[in-house]
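J.: got a predicted structure here, sequence first:
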Amino acid sequence: MTLLEQLKKITVIVEDTGDIDTIKKHKPQDATTNPSLLLQAAKLPQYKHLIDDALKIPRASGDNLLDVMRPILEKLSVNFAKEILAVVDGRCSVEIDPTFSFDTENTILSARRIIALFENDGISRSRVLIKIAATWEGIKAAEILEKENIHCNLTLLFSFAQALACGEAGVKLISPFVGRILDWYKKNENPDGYPAEKDPGVLSVSKIYNYYKKFDIKTEIMGASFRNLGEIVELAGCDLLTIAPNFIEELANTEGDLQQKLSAVSAKEMPLEKIALDEKTFRWLHNEDAMATEKLAEGIRKFTVDLTTLAQFLQK
């Protein structure tokens, strides 16, 4: 059996792309998008009809480009997600404007607008995950949205503190970024890299997984942002893994024995202590993690640049 066939038996596979043709080929259970992926997909001629439809939406008033184009941007993200949902059996994640990362109120309002667009087209909110940066403000927004049955995917997650807060908030799913954690450690501590079993991103997700399963935290864990096949193999058994198309192809073309590395049964036996978390504790613990503070800020900035570029593309 291929590694992909074996992995699918113990982990839900999600495709990390905005390219619907690729999703049709690989047939993952779920799919996820973000501003960077939408920017790439929007430039492909086969998706022009999705852009033309979004451009029928009136612009908003204001001087800021993202404010003006936001109704169109939200509609475009929904258009792509609807196409994806016609192909996959599960869910699709749609990202909130990253400039709302420290704005609980506008995150909630944007999520409600996006869900309304789906429901107006007859798509159940159960098939949509709203992607929100895992800041304290984003986590608080997700806590409110979950009570409205609007399920959330907390992204740009790098620290254990972020994971603790998400679990306590009862969010549906988190996306710890494995590869970006590795990037930071290679740049700052070990340029030669790490064997897969000692990869800092792998260790981070494993720690979160074991804590959640030990204490029956229902939030789903979806490892994301991989840099090599070894990271994926080492997280076999994680609830979900969102994988770029090139790695899905590699898994599908590689045969061998895949061992389950993460197990809820094993996690239950671990001598872990429950950690209490309030806002002050969260901010301190997250601040003490240099990698997490840098990568969270960098991720928000990068998504903002790509969303702005997409807005400029649509404006033209």
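T.: Perfect, thanks for sending it.
J.: centre of the chain to the helix with the most length in the chain, how far?
T.: For the chain, the helix with the greatest residue count under DSSP state H is helix 290-315. Remark: helix 290-315 is offset 14 Å from the chain centroid, using Cα atoms, centre = their mean, to the nearest Å.
J.: can you check stretch 47-61 too?
T.: For stretch 47-61, the distance to the chain centre is 25 Å (Cα atoms, centre = their mean).
J.: what's the first-to-last distance across it?
T.: 27 Å (Cα to Cα, to the nearest Å).
J.: do stretch 48-62 as well
T.: The first-to-last residue distance of stretch 48-62 comes to 26 Å (Cα to Cα).
J.: pull out the buried residues from it.
T.: 50-51, 54, 57 (16 or more other Cβ atoms under 10 Å). All C-beta spots, glycine's among them, are computed from the backbone N, C-alpha and C.
J.: same thing with stretch 261-281?
T.: In stretch 261-281, counting by 16+ other Cβ under 10 Å, buried: 261-262, 267.
J.: ok, now stretch 283-299?
T.: For stretch 283-299, using 16+ other Cβ under 10 Å, the buried residues are 285-286, 289, 291-292, 295-296, 299.
J.: likewise stretch 148-166?
T.: In stretch 148-166, counting by 16+ other Cβ under 10 Å, buried: 150-166.
J.: then stretch 108-121?
T.: 108, 110-111, 114-115, 117-118.
J.: tell me the one of these nearest Ala311?
T.: Using Cβ to Cβ, Ser110 comes nearest to Ala311 of those, at 14.5 Å.
J.: could you list every helix and strand that whichever strand or helix holds that closest one packs against?
T.: Assigned by DSSP states H and E, Ser110 belongs to helix 104-120. On a contact count with 3 or more Cβ pairs under 8 Å, 6 or more residues apart in numbering; DSSP states H and E, helix 104-120 meets helix 65-85, strand 128-133, helix 136-147.
J.: how far off strand 128-133 does it point, in degrees?
T.: Angle of helix 104-120 versus strand 128-133, following axes from the mean of the first three to the mean of the last three Cα atoms, to 10 degrees, is 160 degrees.
J.: tell me the gap between helix 104-120 and the middle of its chain.
T.: The answer for helix 104-120 is 17 Å, by Cα atoms, centre = their mean.
J.: and stretch 73-81, by the same measure?
T.: Worked out by Cα atoms, centre = their mean, stretch 73-81 lies 16 Å from the chain centre.
J.: give me the mean pLDDT for that stretch.
T.: The pLDDT scores in stretch 73-81 average 96.
J.: enumerate every residue touching Phe247.
T.: 226, 229, 232 (Cβ atoms under 8 Å, 6 or more residues apart in numbering).
J.: just Ile130 next, same as before
T.: 93-94, 96, 111, 114-115, 142, 145, 150-153.
J.: let's see 6 Å
T.: 111, 152 (Cβ atoms under 6 Å, 6 or more residues apart in numbering).
J.: pick the most buried one from the helices and strands packed on helix 104-120.
T.: strand 128-133 (a mean of 27; mean count of other Cβ atoms under 10 Å).
J.: paired strands for it, with orientation please.
T.: strand 92-95 (parallel), strand 152-157 (parallel) (DSSP bridges).
J.: quick one: closest of these to Glu255.
T.: strand 92-95 (30.4 Å).
J.: hmm, who's touching the closest one?
T.: 31-32, 34, 77, 81, 84-85, 114, 129, 131, 153.
J.: related to what we said a few turns ago, would JSON lines of the strands paired with strand 128-133 with distance to Ser175 and mean pLDDT be doable?
T.: Putting those into JSON lines (distance: least, Cβ to Cβ, whole Å; pLDDT from 0 to 100) gives the following:
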{"stretch": "strand 92-95", "distance to Ser175": "8", "mean pLDDT": "95"}
{"stretch": "strand 152-157", "distance to Ser175": "5", "mean pLDDT": "98"}
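J.: go through the ones you listed and name the closest to Lys27.
T.: strand 92-95 (13.9 Å).
J.: alpha carbons only: can I get that closest one in CSV?
T.: Extracted in CSV, the C-alpha atoms of strand 92-95 (Å, rounded to 0.1, in the frame of the first residue of the first chain):
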residue,chain,number,x,y,z
CYS,A,92,-13.8,23.9,3.5
SER,A,93,-12.0,26.6,5.6
VAL,A,94,-12.4,30.3,4.6
GLU,A,95,-10.1,32.9,6.1
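J.: show me what counts as buried in that strand.
T.: 92-95.
J.: in a markdown table: the residues you listed, plus distance to Ala252.
T.: What follows is the buried residues of strand 92-95, written out as a markdown table (distance: Cβ to Cβ, whole Å):
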| residue | distance to Ala252 |
| --- | --- |
| Cys92 | 21 |
| Ser93 | 23 |
| Val94 | 27 |
| Glu95 | 27 |
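J.: run the chain-centre distance for stretch 212-222.
T.: With Cα atoms, centre = their mean, you get 16 Å for stretch 212-222.
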